[in-house]
Structure formats: structure tokens, C-alpha cells
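# sequence? don't have it. structure:
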């Protein structure tokens, strides 16, 4: 009666006891992700608004003031100071008090009135590329708009009228974009760390060695240790989604049940990663370092912060090996775009395949490096 | 050397452990090199050797964790190569760090190990009751095992390892780091259990524990260089060469005496043991002669008397002999 899962029940039950006894750790590992969520959800706004701007208005007549009003009304610029010289304007930018400098020359109004082209100098601090990009776009389009207004007769229509329409996130709210991605990172955080620690702790105590000389089979051992954390991971997911929906008011456009279902293979991957780490690490400190090593690519190469499409080829290829890439596609798909299983099954399948592969490698490594070492 | 079981006609089923020509290689390194021994049922078998000499590897091979590179091993009549799961069901194992879960209570630790061995609820309850009665853990059942003292932890660990009533127990340095009282109590318990037919395979660094074993073996860098009862080992010609005797010289000035004793012709070797010197001397040298030579040089000798070799002497002599043989082989 060979049973590859022998010992599963005993290990599972014991693991639950550990979790219950060490309630503090569990509590913190569930609460800390929520705190991170609060920080990122309320703290980060990637929309560029109210950029500090310094103005040197050498003209000062009505036309120049109208232009400045248009800048102010765009919501992109916040005029912090008016100066009287080029030198003062430069100084404001170098000292960092302003990111944009607008200089309106003495003859601005005169040239406009004479139907000539009037130039406006816009100095932009390029050290933050997203701020700079927005500043260029907004000033250019204000200039263009202003020009058209002067050329076209009233009520004339544009020859080409572009009507951009934002789908899914019409207000461009940052939490709507960040929180679904963050869910993937936080979940990885909890499940990988918890499993890795649970096994490495047994290594440190010598109890793992003891279990190997009992009739417990490796798969029974691993599964018994995995399953409780699978449950915790799933619970954490529900917690994060609830907070996202009700505290941060991110609407879920698709089916929450589908999201929960597709998160199962992702949790499976994270747990297998935890086992892989535990087969290598001999102390909890070591496990911590290795776990961080898996978190970093998940943050940077998964599309969580930087879009995968704009990455250099090497990193783009790399991003296909990062499980979080697929799960972020799933969370954003379901939550923001209302995607269904027909759009996302391939991501779910990819995650499941990764999990199965990692678990096999981890179980084999575990056998060779831990049991027979 | 000692009684070698190799090629003997006895069936492996009769012994608790029978290891024949065990070899384990890791790449080019041979960790266990042609090791053969037999452990009879009810014996307390002391397995000694320096750290890194292959003790743990042998245990892992016998418990089916590590495949044999070659050779054969039977444990409780089962072939470890083909039946390791069943082997593990029939043996118990206690390691030096006692392998308990500090955040579980005494009762929970017992229940966990009982379930691991597949004991059903009724048998588990009966076995836990018996174990608790045997080792007096009753008052501590609801205490976390982290809060137990070393001696109690060890009793609990032994209890956990015996819940499934194994006929053979592996104890890997069971007394490392526990107090002398607990150490003695453990040995008393081992004798009692062995009287009931349970076999013990004990590794230890304590020579006095080795002396208590009914059968000892010494492994030195992968080679088994001693195997037999403590008394039979003491009488080995390598340990007690023809024409020599072992003496104990008691003197207040051991260090000076040792330096001088080593220059006396006829004294083959000498070592300090507390307030005395143990020396291997040729029997042409009389005890009075040694005493005379020492006092002539101003070293007071309190007592000088013949001495049976200790197991430590045995292992030291056999190690020297083994090293000499190896060097000779390397030169050839």
C-alpha cells in the first residue's frame, strides 16, 4: 500500500496548530499588505497636476495675461512666482522651486496684433520625464489652440476633430490602475514568505530531519504544509479585494468569482516558489533574502509599474517568466476592463503550468538537496 | 579485526540490523567504505567515530534515506533498498536536537508523531497514556515543549519516537547537552527497554556511554576499524600487543612526569588522564623501575598500578594502527 501522500493529514493538522498558536505573525502578515495598500492607494498619484511654474512676463499686457490664464486653467500648471529677469527665472528652476519657466517676451502682444508669429519660451526641467512630457504636451496644445482661435473664424469646425475617450478608468484615477497590480505583488509577498518560512523553520529546528525518518512521504509533507497557506493566501486575496472595492472605491467591472478562480493558479505558483526557496535556504534570514529576490522582478518586470510593451527586448522576454505578469493581466483585465474567461484563460493556464513546473522542480530539489544531503 | 559477519551463514532476518559491504560515494569521495556489521535483537549498539567520519551517512543508509552505492542492508528483516517506507514504519529515531515543535504542547507533539505513524485514535490514546506513565510527563501535558528543561525534552522526544512501538531505535547523540542526572536516567531507561527486547543503535561522543553498550563499533573516515563487545576490543592484540602492559602512574606533577616518562626506554606511549598518566610499557620494565627513575628526577610518585585499557585507549590504538597501515599503503 504505497501512498505518495502519506502523512498529509498529520502534517496539515499540525500546521494549523502552528498558525493558530502564532496568531501574531499571521495577523501582521495579513495586516501589513493592507497598510501597504493604504500607502500606495492614497499616496501615489501618477497624474501630473499643478506643476510648480515660474513666470517672467516681460510684456504684461492683456494678451499675455490671457495666455497665462489659459495655463493656469489647464490644472497642469501652478504659478508659484512671477519674476522680472531671465536670471531669476533660471534660478527658480535650478533651485528646484519650479519645474517649468514661462517667458513671455516684451513684444508678444505687439506681434499678435500685427498678425505676426509671437514666440513664448518654455523652459522645462527634464529630470522627471513624465512631468516633462506632460508639460510639453500641454504647453504645445495651448499654443496650438490659441493659434487656431486667432486664425479660424468663430464657430468654425476643425477639419480633423480627434475625440479621445478614456475607457474603463475615465477619471484616470491612480488607485484604479495601481491597486489591481498591487494585489498580485502583495499576494506573492504573503504566500511565498509564509511557505518558505514554515519549511525553513523546521529545518532550523531539526524537525524536518525527524520527519524524513518517519513513513511520511515527500508529497504528503509538502502538500500538508502548502494547503494551510493556500487557504491563508486565498483569504488574503479576498481581504485585499474587499478593501480595494469598498475602501478605495475601485469598481470591479468583471466577475469577482472569475477573479477568485483565476487567482488559484497564481497562489499555487507563489507557494511552489516558497518551497523552492526553502529547499535552498537553511535559515530564515537566508529565506528572507531569497524571497526578496523573487519580489523584485515581480515589481519591475511584471508591468505593475512600467508597461511591459515599452521595455527593452531582454526585459520583455524576461517578463514572460514572471508569474506576476500574468496575474496582473488577469486582475486588471477583470477589475478594470471587465474581461471574461475567454480573454484570460491563457494567462490562467500559463500560471498553472508554471506552478506545476516549479512544484516538480522544488519537490525534486527538496529530495536531492534536503532529504539525501 | 573483530568478529566479522561477512559471509556468515546466518540469515539476515535474525538480526535487527545486518549491513554487508556498505559503500556510499558522493562523486569521487567515498563517505562509507565497505562497512559490514550486525546488530542482534535487544542489543545496545554504540556507534562511535569522529565528526564527519560517516556515522550520519550510515544511519541515513540504514533508514532508507540515502541509496546505497553498493552493498546490502537489512533492518528488522527488511531490505532497505526496496522497502524503505516499511523500514521507517518499524524504527524509531531520535536526534540530538530532540526534534520537537516548541510551539506545540507536550500532548500535541505526542499526537502529531502518533498520527505521522498512522496510529488510529484508540491506539494513539492508549500509547500516549502508556508513554506518559513510563516517563512521568503527566504534569506537563499542556505545557509548550519550548518550556521544558533539556532532560524533559529528551524524555518527550524519546516518547514521540516510541509511540508506534518500534523494535529498533536510532538515537543520534541522545545525551548531548543534557545534565548528568538526565543522562543517567536515560541510560537506565535504555537498559530497561533493551531487556524487553528493543534494540538500540546509539551514536555518542561520551566514552563512558560507549562502555555501557553491549556492542560497540568505531568508524574512522568511512572505514569500520573496531567492532565487538567492549571487553573483546580491550583484548585485541593491536590494543594490547604481546609483551606489553598498561599502567596508571599517579603523581602530583603530571605534566613534568609525562615529559620525562616519554624518554624512558621501554615506555611505548603515555598520555595524561586527570591526575595520572596512562602508559603502555614493555613488560621487561618493572613498575618499581619506573617509579625509581621518576623519583630520581625529583618527581614524586603516589601510586603506580596495572590498568585495563579503556575504550578510549582502544580507539586511539586502533586509529594509530589504521593510519600507519594507510601510510604504508600510500607509500607502496
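Thanks, I have the structure now. The structure presented is a predicted model; accordingly, all values stated were derived computationally and were not measured.
# give the buried residues for the helix or strand harbouring residue B:159.
Applying DSSP states H and E as the criterion places residue B:159 in helix B:150-162. Of all the residues in helix B:150-162, those buried under the rule 16 or more other CB atoms under 10 Å in any protein chain shown are B:151, B:152, B:153, B:154, B:155, B:156, B:157, B:158, B:159, B:160, B:161, B:162. Just so you know, the C-beta spots here come from the backbone N, C-alpha and C atoms, and that holds for glycine as well.
# any idea of the mean pLDDT in that helix?
In this model, helix B:150-162 has an average pLDDT of 90.
# name the residues that touch the helix or strand just after that helix?
In the C-terminal direction, the helix or strand that comes right after helix B:150-162 (DSSP H and E) is strand B:168-172. When contacts are defined by CB atoms under 8 Å, 6 or more residues apart in numbering or on different chains, strand B:168-172 is touched by residues A:213, B:16-17, B:56, B:59, B:62-63, B:75-76, B:90-96, B:158, B:161-162, B:190, B:198-203.
# helices or strands next to whatever helix or strand comes next after strand B:168-172 in the packing?
As assigned by DSSP H and E, the chain's next helix or strand after strand B:168-172 is helix B:180-195. For helix B:180-195, the elements it packs on are strand B:44-48, helix B:150-162, strand B:199-203, helix B:207-212, judged by 3 or more CB pairs under 8 Å, 6 or more residues apart in numbering or on different chains; DSSP states H and E.
# and helix B:180-195, what's buried?
B:182, B:183, B:185, B:186, B:187, B:190, B:193, B:194.
# let me see the mean pLDDT of it.
Regarding helix B:180-195, the rounded mean pLDDT is 90.
# distance between it and the chain's centre?
In this view, helix B:180-195 has its centroid 15 Å away from the chain centroid, taken as CA atoms, centre = their mean, to the nearest Å.
# what does stretch B:109-125 give?
For stretch B:109-125, the distance to the chain centre is 30 Å (CA atoms, centre = their mean).
# among the helices and strands packed on helix B:180-195, which comes closest to chain A?
helix B:150-162 (8.4 Å; CB to the nearest CB).
# elements contacting the closest one?
Under the contact rule (3+ CB pairs under 8 Å, 6+ apart), helix B:150-162 is packed against strand B:91-94, helix B:106-116, helix B:121-135, strand B:168-172, helix B:180-195.
# parallel or antiparallel, list what pairs with the first one.
Translated: strand B:91-94. strand B:168-172 (parallel) (DSSP bridges).
# for the most centrally placed residue in chain A, what are its contacts?
In chain A, the centroid-proximal residue (CA atoms, centre = their mean) is residue A:304; its distance is 3.2 Å. Applying CB under 8 Å, 6+ apart to residue A:304 gives the contacts A:181, A:182, A:184, A:185, A:298, A:324, A:328.
# any idea how far residue A:276 is from it?
22 Å (CB to CB, to the nearest Å).
# now the residue sitting nearest the centre point of chain B: closest residue in space that isn't a chain neighbour?
For chain B, the residue nearest the mean C-alpha position is residue B:46 (2.9 Å; CA atoms, centre = their mean). The spatially closest residue to residue B:46, leaving aside those adjacent along the chain, is residue B:213, at 3.4 Å (CB to CB, 6 or more residues apart in numbering or on different chains).
# again, but for residue A:308
Nearest to residue A:308 is residue A:319, by CB to CB, 6+ apart, at 4.9 Å.
# surely that neighbour and residue A:310 touch.
No: counting by CB atoms under 8 Å, residue A:319 stays clear of residue A:310, with 11.2 Å between them.
# pLDDT score for residue 247?
No chain specified, so I'll use chain A. Confidence score, pLDDT, at residue A:247: 87.
# actually chain B
Note for residue B:247: predicted pLDDT of 90.
# nearest to residue A:252 among the helices and strands packed on helix B:150-162 would be which one?
helix B:106-116 (41.6 Å; CB to CB).
# okay, now the closest residue to residue B:272 other than its chain neighbours: neighbour count?
In space, and not counting its chain neighbours, residue B:272 is closest to residue B:254: 5.2 Å by CB to CB, 6+ apart. Per other CB atoms under 10 Å in any protein chain shown, the neighbour tally for residue B:254 reads 18.
# just residue B:14 next, same as before
12.
# what do you get for residue B:163?
Residues lying near residue B:163 (other CB under 10 Å) number 23.
# check the one 3 residues further on too.
Residue B:166 is surrounded by 19 other residues when neighbours are defined as other CB under 10 Å.
# wait, what's in contact with it?
Going by CB under 8 Å, 6+ apart, residue B:166 touches B:90, B:91, B:92, B:198.
# dump the residue contacts of the nearest residue to it once chain neighbours are set aside.
In space, and not counting its chain neighbours, residue B:166 is closest to residue B:92: 3.9 Å by CB to CB, 6+ apart. By CB under 8 Å, 6+ apart, the contact set of residue B:92 is B:161, B:162, B:164, B:166, B:168, B:169, B:170.
# run the last query once more with 10 Å
The contact partners of residue B:92, by CB atoms under 10 Å, 6 or more residues apart in numbering or on different chains, come to A:213-214, B:113, B:117, B:158-171, B:198, B:200.
# again with residue B:134
Contact partners of residue B:134, counting by CB under 10 Å, 6+ apart, are B:155, B:158, B:159, B:162, B:189, B:192, B:193.
# now swap in residue B:144 and tell me
A:21, B:100, B:101, B:102, B:103, B:104, B:105, B:106, B:108, B:109.
# out of those residues, who's nearest residue B:308?
Distance to residue B:308 across the contacts of residue B:144 (CB to CB) is lowest for residue B:100, with 40.1 Å.
# returning to what we had before: give me the common contacts of residue A:319 and residue A:310.
residue A:303.
# settle it for me: which of those two has more neighbours?
Comparing residue A:319 with residue A:310 by other CB under 10 Å, the one with more neighbours is residue A:319, at 20 against 9.
# report the separation between the more buried one and chain B.
With distances taken as CB to the nearest CB, to the nearest Å, residue A:319 is found 38 Å from chain B.
# correct me if wrong: that residue contacts residue A:301.
Yes: using CB atoms under 10 Å, residue A:319 is in contact with residue A:301, at 4.5 Å.
# any residues in contact with both of those two?
A:308, A:311, A:325.
# give me the residue ranges of chain A where confidence is low.
For chain A, the stretches with pLDDT under 70 are A:1-2, A:155-156, A:371-373.
# run the last query once more with 50
A:1 (pLDDT under 50).
# find the closest residue to chain A in the stretch 101-250 of chain B.
Counting by CB to the nearest CB, the stretch 101-250 of chain B gets nearest chain A through residue B:115, at 3.6 Å.
# correct me, but that residue touches residue A:13?
Yes: using CB under 10 Å, residue B:115 is in contact with residue A:13, at 7.1 Å.
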